[in-house]
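Participant: sharing a model prediction with you, sequence too.
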Amino acid sequence: MINVTDNIEAKKVDTLLLNEYNYTEDVLIQNAAHSLFNEIDKTVNKYIVAVGPGNNGADGLALAILLHSINKDVKIICKKNMSIYHKIALKIGIPSIEHVQSCDILIDALFGFGFSGPVQGYYKELIDEINEKKDYKIISIDLNTAHINSDCVLMLSTYKQTLLNSSIPKKVLKIGVNEKIYECVSNKYIVDEEYIGSIKKEKNEFCNKSDFGRVKIYAKKGAALLASRASVKSGSGYTYLISDDETRKANLSFNPECINSDTTKYDVICLGPNNGVDFDYASIIYTNLDKKMVIDADALTYISNNLEILDSLTEDCVLTPHPLEFSRISGYDLNEILEKPFEKLEEFGKKYKGTIILKGKNNIIYDGHKFYIVNIGNSKMANAGMGDLLSGMIASYLAQGYKTRDAVIYATYQQAKIGRYLSEKKDTINPTDILSLINNK
Ligand SMILES: NC(=O)C1=CN([C@@H]2O[C@H](COP(=O)(O)OP(=O)(O)OC[C@H]3O[C@@H](n4cnc5c(N)ncnc54)[C@H](O)[C@@H]3O)[C@@H](O)[C@H]2O)[C@H](O)CC1
């Protein structure tokens, strides 16, 4: 998995690599430049590298030298950079220009994680000029310099946290450092296919439905249909729906594999999708603390009025709030949650057990130790019912024996992945669209 670092953590990584592991800045810059060189489009000919005063600038200069080595028309705009790469670039005849010219690709190597705003004077004027003349593609190294209208960011070694909320296309490039080294600095990860592959449970030849667990869902109306269908389709052995007559009748035709009656034999409880806030969730929760549990929607609202329930939650409980619901159960200010989701989740996780998923553009899953970010979803999925569907999926994977944290990660990733696939075909993606593709190869 790829580590996520904020600016402070990125600097810590730098210090760690230099002081503890005896890397040198030059080794890292060379590795970075080669990775950038491999990634960059070399079917075009004209490049300009806008170089800043620090190591981000040095990365850009080292890249310019590599482009020059294959006879590309590369120029630099560099007012000040003390690195050896600046001297080499000038000595080997890379032209240094003062103003932006026409080119195919402009590399933004002005500032990386060492930048602290605001940008003023020379660099402000240069950035304005870069944005104004734009008849080229702008590729930023590591981070997009403030105000630059970048077309793509090639991050180095770790995913930069400030880019989590940016829609600019981006990619993380390796720079010859084992990912485990980052783990002592950052406990935040981007969930990728590799991790999903490592947690996926394969079904063995001799299995039967009892091996895939029993989910009991307390929900009503359309939300109940979505959650219970999602549980069935995600592979739980049995799904039971506890609901009103009208909902159960509708569920019979919508979701024939679901059992529309109660049971005393079950492994997982899913509580809340449109189940009403007056329901007695407390007694269900207190009598099922030996079970795995997904607490969603109306059950979260109920808890926000009965906060003592939070003290009883176990490691096997999953809370699935969106930011407003999280604000209600935690008492934290909504804006603070939106601005500092990691800090706020950590604060909450220190007080209560269980796994929490803060739903949003970036789904952030926190298990009390680490953060797992599923960031492949898209805004076309932002419509009612998506959360109900997710709860059913999480419950289903819990029943199938996934670790609590992994059930949440797996379900969230599968849902987002289907959403990403559909986003190329549709302008709006509804939960029923996702349902139809759950479990497709
Ligand atoms: N370990 C890694 O991941 C590697 C990262 N590399 C690259 O190095 C940069 C970070 O380099 P650093 O020198 O620390 O910082 P910057 O290049 O971002 O800039 C520092 C430079 O800028 C001046 N400065 C800061 N703010 C302002 C401002 N508002 N106005 C004007 N000037 C400003 C500051 O004084 C310094 O002089 C990272 O992003 C990667 O690109 C390595 O190359 C590979 C290993």
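Facilitator: The structure has been received and is ready for your questions.

Participant: domain assignment for this protein?
Facilitator: When the chain is parsed with the TED database, its domains come out as 7-185, 193-436.

Participant: Met1: which of the ones you listed is closest?
Facilitator: Met1 lies closest to domain 193-436 among these, at 4.9 Å (Cβ to Cβ). Backbone N, C-alpha and C define where each C-beta goes, glycine included.

Participant: list phi and psi for Lys180.
Facilitator: Its backbone dihedrals place Lys180 at phi -60, psi -30, with angles given as degrees, to the nearest 10.

Participant: how far away is it from the ligand?
Facilitator: Computed as Cβ to the nearest ligand atom, to the nearest Å, the Lys180 to the ligand distance reads 15 Å.

Participant: can you pull the pLDDT of that residue?
Facilitator: Lys180 carries a pLDDT score of 89 in this model.

Participant: can I get the domains of the chain in CSV including mean neighbour count?
Facilitator: Shown next, in CSV, are these (neighbours: other Cβ atoms under 10 Å):
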stretch, mean neighbour count
domain 7-185, 18
domain 193-436, 19
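
Participant: what residues does the closest residue to the ligand within the stretch 151-300 of the chain make contact with?
Facilitator: Proximity to the ligand, evaluated over the stretch 151-300 of the chain using Cβ to the nearest ligand atom, is greatest for Ser157 at 4.5 Å. With contacts defined as Cβ atoms under 8 Å, 6 or more residues apart in numbering, the neighbours of Ser157 are Val13, Ala32, Val172, Leu173, Lys174, Ile175, Val177, Tyr182.

Participant: leaving out the residues flanking it, which one is nearest to the fifth one?
Facilitator: What it means is Lys174. Counting by Cβ to Cβ, 6 or more residues apart in numbering, Ser35 is the residue found nearest to Lys174 once chain neighbours are left out, at 6.2 Å.

Participant: got it, and the fourth one?
Facilitator: Closest residue in space to Leu173, ignoring its immediate chain neighbours: Ser35 at 4.0 Å, by Cβ to Cβ, 6+ apart.

Participant: am I right that that neighbour is in a strand?
Facilitator: No - Ser35: not assigned to a strand; according to DSSP: H, G, I helix; E, B strand; the rest coil it is helix.

Participant: that one and the ligand: what is the separation?
Facilitator: Where the ligand is concerned, Ser35 sits at a distance of 10 Å (Cβ to the nearest ligand atom).

Participant: which SSE is the closest residue to the ligand within the stretch 201-350 of the chain in?
Facilitator: Checking the stretch 201-350 of the chain residue by residue against the ligand with Cβ to the nearest ligand atom singles out Phe342 as nearest, at 19.7 Å. Applying DSSP states H and E as the criterion places Phe342 in helix 341-351.

Participant: and the nearest residue to Leu345 once chain neighbours are set aside, what are its phi and psi?
Facilitator: Nearest non-adjacent residue to Leu345, counting by Cβ to Cβ, 6+ apart: Tyr366, 4.3 Å away. Here the main-chain torsion angles of Tyr366 (degrees, to the nearest 10) amount to phi -130, psi 130.

Participant: I'd say Tyr366 and Glu346 touch.
Facilitator: Yes - in this structure Tyr366 lies within contact range of Glu346 using Cβ atoms under 8 Å: 6.9 Å.

Participant: so for the residue of the stretch 201-350 of the chain closest to the ligand, what's the pLDDT?
Facilitator: 98.

Participant: show me what contacts it?
Facilitator: Lys188, Ile364, Tyr366, Phe371.

Participant: ok, 7 Å please
Facilitator: Contacts were defined as Cβ atoms under 7 Å, 6 or more residues apart in numbering; by that measure Phe342 touches Lys188, Phe371.

Participant: what does Val74 give?
Facilitator: For Val74, the contacting residues are Tyr47, Val49, Ala64, Leu67, His68, Ile94, by Cβ under 7 Å, 6+ apart.

Participant: pull the contacting residues for Ser186.
Facilitator: Shown here is Ser186, whose contacts under the criterion Cβ under 7 Å, 6+ apart are Asn3, Val4, Thr5, Glu9.

Participant: sitting in strands, which of the residues you listed do you find?
Facilitator: Where the contacts of Ser186 overlap with strands, as defined by DSSP state E, the overlap consists of Asn3, Val4, Thr5.
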